[in-house]
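Q: pasted the sequence and its predicted model underneath.
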Amino acid sequence: MTNSKKTILITGASSGIGKATALRFQSEGWNVVATMRDPSAGRDLERLDRVAVTRLDVTHASTIDAAIATAVTFGYRSSVAVERKVTAVEDARAALELMATEIRMASYNPTFALNLWAPRCDGVGANQTYRGIQEATANNITVQMDISENSVIGDANEIIRYSYDVGNQRITRLVNCQGGAQPFLGDAVANVNQRTVLVINNDLNIPVFRYFNGSGLEIQPETNPAVIPDIRRVDITLAVQTEHVDPNTNQRRTLIYSTSVIPRNHAPVM
């Protein structure tokens with residue numbers, strides 16, 4: 001039952017059957033996300049290779065989202081691993097799902113820390129009123145989240161910037177503003193041997209990201225950043241086309257994937 005390429009999320013892993021299950025899967029080469037109400041009870045597990053300990057309390061929905069986000073990203077700690085995972089056209093949907101998972105976690109601040117939010121990756125200073133969405137345009141979004149629950153932004157995968165590179169017809173992903181933006185869906189024109197998919201939103205005049213307020217009205221944070229705190233829904237659309245012509249149809253295959261994301265942590269605490 002060994003599979004070092006898979007990740008499993010285990011609840012109640014602080015003791016008993018849950019802990020035993022976590023140890024069993026870790027010993028057989030799996031990536032293990034061990035969840036529990038109090039992560040301090042899992043420090044012995046956290047010392048093991050391929051084990052991430054995170055909080056999950058079924059009575060608090062935000063901790064469920066955080067645990068799922070940890071599980072999704074845990075197997076792909078470097079952005080390079082993630083980009084390689086989603087280069088084929090059939091993985092466009094997987095790319096969309098990972099984008100949605102991370103954007104859904106925007107503004108996660110479980111400790112209610114003040115002045116938590118970090119500067120943007122382009123050097124623009126942090127605007128604390130924008131919370132965990134520091135950038136929101138048709139082609140770019142930067143989200144921040146305190147996944148490690150330590151009242152500091154900057155740990156692994158706590159700052160994510162997705163960007164539509166129109167010139168190279170690809171989506172890039174930048175993690176924690178380090179290492180440069182990496183190809184996430186598609187690749188650079190120069191890397192022709194790796195380009196299995198083209199992102200053609202620009203050709204079809206389809207924005208990658210659209211933003212809506214609590215009344216369901218579309219808002220334009222690109223031209224009016226002051227409305228960023230009002231974002232309650234983000235629509236993501238990926239229009240993709242195969243790099244090479246299908247020999248059966250003599251045409252490139254075009255697919256359009258779309259989803260709506262509710263970043264519920266972004267709403268102000270009442």
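A: Cool, got the structure. Numbers count the residues shown, from 1 in each chain.
Q: contacting residues around the spatially most central residue of the chain?
A: Centroid-nearest residue in the chain: Glu102, 2.6 Å away (criterion: Cα atoms, centre = their mean). Glu102 is in contact with Ala69, Val72, Thr73, Val143, Met145, Asn157, Ile160, counting by Cβ atoms under 8 Å, 6 or more residues apart in numbering. C-beta here means a position set from N, CA and C on the backbone, and glycine is covered the same way.
Q: name the helix or strand for it, please.
A: helix 92-104 (DSSP states H and E).
Q: same thing with Val53?
A: strand 51-55.
Q: quick check: next helix or strand after that strand?
A: Taking DSSP H and E, what comes next after strand 51-55 is helix 61-74.
Q: domains in the protein, as residue ranges please.
A: Domain assignment for the chain, taken from automatic domain parsing, gives 7-74, 79-266.
Q: dump those domains to CSV, plus mean pLDDT.
A: Below are the domains of the chain laid out as CSV (pLDDT from 0 to 100):
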stretch, mean pLDDT
domain 7-74, 85
domain 79-266, 87
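Q: report the secondary structure state of Thr129.
A: helix (DSSP: H, G, I helix; E, B strand; the rest coil).
Q: leaving out chain neighbours, which residue sits closest to it?
A: Pro229 (5.6 Å; Cβ to Cβ, 6 or more residues apart in numbering).
Q: just to check, that neighbour is in contact with Arg131?
A: Yes - with contact taken as Cβ atoms under 8 Å, Pro229 and Arg131 are classed as touching, separated by 6.7 Å.
Q: more crowded one of those two?
A: Neighbours per residue (other Cβ atoms under 10 Å) separate Pro229 from Arg131, with Arg131 holding more: 24 against 18.
Q: nearest residue to that one other than its sequence neighbours?
A: Arg131's closest residue in space is Ser107 (Cβ to Cβ, 6+ apart), at 4.3 Å.
Q: buried residues in the helix or strand in which Thr259 is found?
A: Using DSSP H and E, Thr259 sits in strand 254-261. Neighbour-count burial for strand 254-261 flags Val261 (criterion: 16 or more other Cβ atoms under 10 Å).
Q: what touches both of Pro229 and Arg131?
A: The contact lists of Pro229 and Arg131 share His266, where a contact means Cβ under 8 Å, 6+ apart.
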